[in-house]
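Peer 1: task: produce atomic coordinates for the following.
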Amino acid sequence: MGQLGFLFVANLCVWGGIFFYILTLKKRQAAMEKDLLLLKEESGKDGD
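Peer 2: Below is the predicted model:
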């Protein structure tokens, strides 16, 4: 494999890592939004 092949593999690994990181962030954000919604509902019930 020449230098161009190694460059392609490295580029693929970097973009794969970025894609995985973005998916992980989206999953964490969805969980945090769910928790925030639950907290808002709970705080609304205590105020009555």
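Peer 1: low pLDDT regions in the protein?
Peer 2: 46-48 (pLDDT under 70).
Peer 1: in it, which spans are helices?
Peer 2: Ranges of helices within the chain are 3-46, based on DSSP state H.
Peer 1: next, name the residue at the spatial heart of it.
Peer 2: Centroid check for the chain by C-alpha atoms, centre = their mean gives Leu25 as the closest residue, at 1.6 Å.
Peer 1: show the contacting residues for that one.
Peer 2: Leu25 is in contact with no residue at all, counting by C-beta atoms under 8 Å, 6 or more residues apart in numbering. C-beta coordinates here come from the backbone N, C-alpha and C atoms, glycine included.
Peer 1: so how far is Val14 from it?
Peer 2: 17 Å (C-beta to C-beta, to the nearest Å).
Peer 1: same deal with Phe8?
Peer 2: Counting by C-beta to C-beta - Phe8 and Val14 are separated by 11 Å.
Peer 1: joint contacts of those two?
Peer 2: Contacts common to Phe8 and Val14, judged by C-beta under 8 Å, 6+ apart, are absent.
Peer 1: any idea how far Leu38 is from Thr24?
Peer 2: Relative to Thr24, Leu38 is positioned 22 Å away (C-beta to C-beta).
Peer 1: what of Leu37?
Peer 2: The spacing between Leu37 and Thr24, counted by C-beta to C-beta, is 21 Å.
Peer 1: now stretch 3-15: how far from the chain's centre is it?
Peer 2: From the chain centre to the centre of stretch 3-15 is a distance of 23 Å (C-alpha atoms, centre = their mean, to the nearest Å).
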